[in-house]
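J.: Got a predicted structure plus its sequence, pasted below:
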Amino acid sequence: MPGVTHDDAPPLADLMPWSVAPPRLGRAWPAAPDAASLKARWDALLKAGGPDREALFEPTRSRTPHTAVGRLPGGFGGTGRLARASGPCPEPVRVLRAPFDEQWLIPDHRLIDAARPELWRVTDERQVFVVEAPSPAGPPLLLATSRLPLLGGARVRPLYRRPGGTEPNLAPGLLGHLAARLGRRPDPVDVLAWAMATVRAGSRVPLTADPALWEHGVGLGRRVLWLMRRDGERPRLPGGRRPYVRAPLPARPVAVRYDRDEEALYLDEGRLSPVPPGAWDFEAGGARVLEQWFAARTAEGGPGTLAAIRPAIWPQSWTSELLELITVLALLAEVRPRCLELAVTEEITATELREAGVLPAPAKARRPASVLDTLEEGPEGQLTLL
């Protein structure tokens with residue numbers, strides 16, 4: 001409930017003890033809203049030689065075309081020095097580049113300053129990554145995604161410590177304690193769903209021992225998870241409220257604006273409607289999501305840089321993605337107030353969890369699990385020893 005404090009509610013960092021700093025690219029060009037531009041950038045890089053290739057690469061202290069690194073877990077990318085690389089671009093993969101903004105990345109360790117291999121090792125279709133988007137006022141927004149998150153700042157908390165949805169990243173003993181208090185054992189996704197619905201200021205998660213309230217909160221949180229992950233059936237607004245393109249979008253729109261009276265989103269003279277105010281007003285990290293999404297697709301890289309290689313015209317796929325994003329934000333804007341109104345009773349406090357021996361989590365729970373089931377190729381084709 002707004003205004004209610006939960007000073008002794010456990011922090012999310014204690015409930016999900018293993019966290020990893022987000023991957024750091026070090027250069028913008030290996031990621032883009034479309035995969036075709038990435039392949040064109042790769043080709044342009046490899047066509048250049050010597051100093052020209054180095055300048056296009058944009059070297060840092062961590063990466064130059066002469067840096068030798070191992071292959072990313074999963075067999076992505078090469079291990080020979082980029083200065084003498086040839087061949088096609090590694091197939092781009094989907095990542096979460098900004099809140100609600102799924103883009104593409106060239107999965108090659110030689111291009112990434114800090115790839116965080118421990119995250120790549122546990123990335124699969126069952127994984128859920130959680131990232132906090134701070135809010136200037138009120139509780140943070142928890143972002144959940146099946147894609148590898150590349151958001152700067154906030155740490156990444158995987159729901160599972162191993163591939164295949166095994167060994168949940170939860171404080172040891174937490175599920176058992178909740179089972180004793182609720183009368184049934186929740187699964188890891190239930191705990192995450194509850195956190196998505198109830199996280200409060202200071203990233204604290206008030207837990208409840210009320211079975212009916214728990215079920216209600218988990219139901220709200222699972223809807224939030226479904227909308228954010230966008231897996232399975234695609235979300236839709238009811239008939240009459242679904243956004244459509246009412247006036248064709250220009251080849252290269254440069255400005256976006258919203259007409260609240262018309263409930264219309266304009267990309268130059270192109271018009272999409274109806275767009276509910278809740279979708280336009282939806283913010284993450286203090287910025288409007290739709291404005292950030294549009295800016296990422298219209299920003300021009302510096303002349304002569306690889307980032308300047310981008311689509312000549314607005315792709316139809318971006319329009320489809322935009323319509324789906326509007327739908328997701330509109331539906332989230334409806335469910336979030338219901339989450340904030342949850343009044344948590346019969347609270348399971350951090351003090352109770354400490355007295356039960358659930359908290360603090362042991363040091364090993366804050367470190368990555370050993371998940372090296374297959375050999376990983378190291379620099380210049382050698383095997384990595386871990």
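T.: The structure has been received and is ready for your questions.
J.: Could you pull up the contacting residues of residue 224?
T.: 144, 193, 196, 197, 332, 335, 336, 339 (C-beta atoms under 8 Å, 6 or more residues apart in numbering). C-beta coordinates here come from the backbone N, C-alpha and C atoms, glycine included.
J.: for residue 312, what are its contacts?
T.: Residues near residue 312 by C-beta under 8 Å, 6+ apart: 251, 252.
J.: can you pull the contacts of residue 289?
T.: Residue 289 neighbours (C-beta under 8 Å, 6+ apart): 99, 100, 101, 282, 283, 325, 329.
J.: go again using 7 Å as the cut-off
T.: Residue 289 is in contact with 99, 100, 282, 283, 329, counting by C-beta atoms under 7 Å, 6 or more residues apart in numbering.
J.: Which one of those is nearest to residue 207?
T.: residue 99 (25.9 Å; C-beta to C-beta).
J.: Pull up the gap between that closest one and residue 193, please.
T.: 19 Å (C-beta to C-beta, to the nearest Å).
J.: Neighbour count: those two, which is higher?
T.: More crowded of residue 99 and residue 193, by other C-beta atoms under 10 Å: residue 193, with 24 against 21.
J.: Let me know the helix or strand that the closest residue to residue 366 other than its chain neighbours is in.
T.: Residue nearest to residue 366 in three dimensions, not counting chain neighbours: residue 17, with 4.7 Å by C-beta to C-beta, 6 or more residues apart in numbering. Of the helices and strands defined by DSSP states H and E, none includes residue 17.
J.: is it true that residue 17 touches residue 367?
T.: No: judged on C-beta atoms under 7 Å, residue 17 makes no contact with residue 367 at a distance of 9.2 Å.
J.: Who has more neighbours out of the two?
T.: Neighbours per residue (other C-beta under 10 Å) separate residue 17 from residue 367, with residue 17 holding more: 23 against 12.
J.: Now that one: phi and psi?
T.: In terms of degrees, to the nearest 10, the main-chain angles of residue 17 are phi -70, psi -30.
J.: got a list of what it touches?
T.: By C-beta under 7 Å, 6+ apart, the neighbours of residue 17 are 171, 361, 365, 366.
J.: State the distance from the closest residue to residue 377 other than its chain neighbours to residue 293.
T.: Nearest non-adjacent residue to residue 377, counting by C-beta to C-beta, 6+ apart: residue 71, 4.3 Å away. As defined by C-beta to C-beta, residue 71 lies at a distance of 32 Å from residue 293.
J.: for residue 54, same thing?
T.: Taken as C-beta to C-beta, the span from residue 54 to residue 293 is 33 Å.
J.: Between those two, which has more neighbouring residues?
T.: Shown here are residue 54 and residue 293; by other C-beta under 10 Å, residue 293 has more neighbours (24 against 16).
J.: close enough to count as contact, the more buried one and residue 326?
T.: No: using C-beta under 7 Å, residue 293 makes no contact with residue 326, being 9.9 Å away.
J.: Would you mind measuring from the closest residue to residue 283 other than its chain neighbours to residue 153?
T.: Leaving aside its sequence neighbours, residue 283 sits nearest to residue 289 (C-beta to C-beta, 6+ apart; 6.7 Å). The gap separating residue 289 from residue 153 is 16 Å, by C-beta to C-beta.
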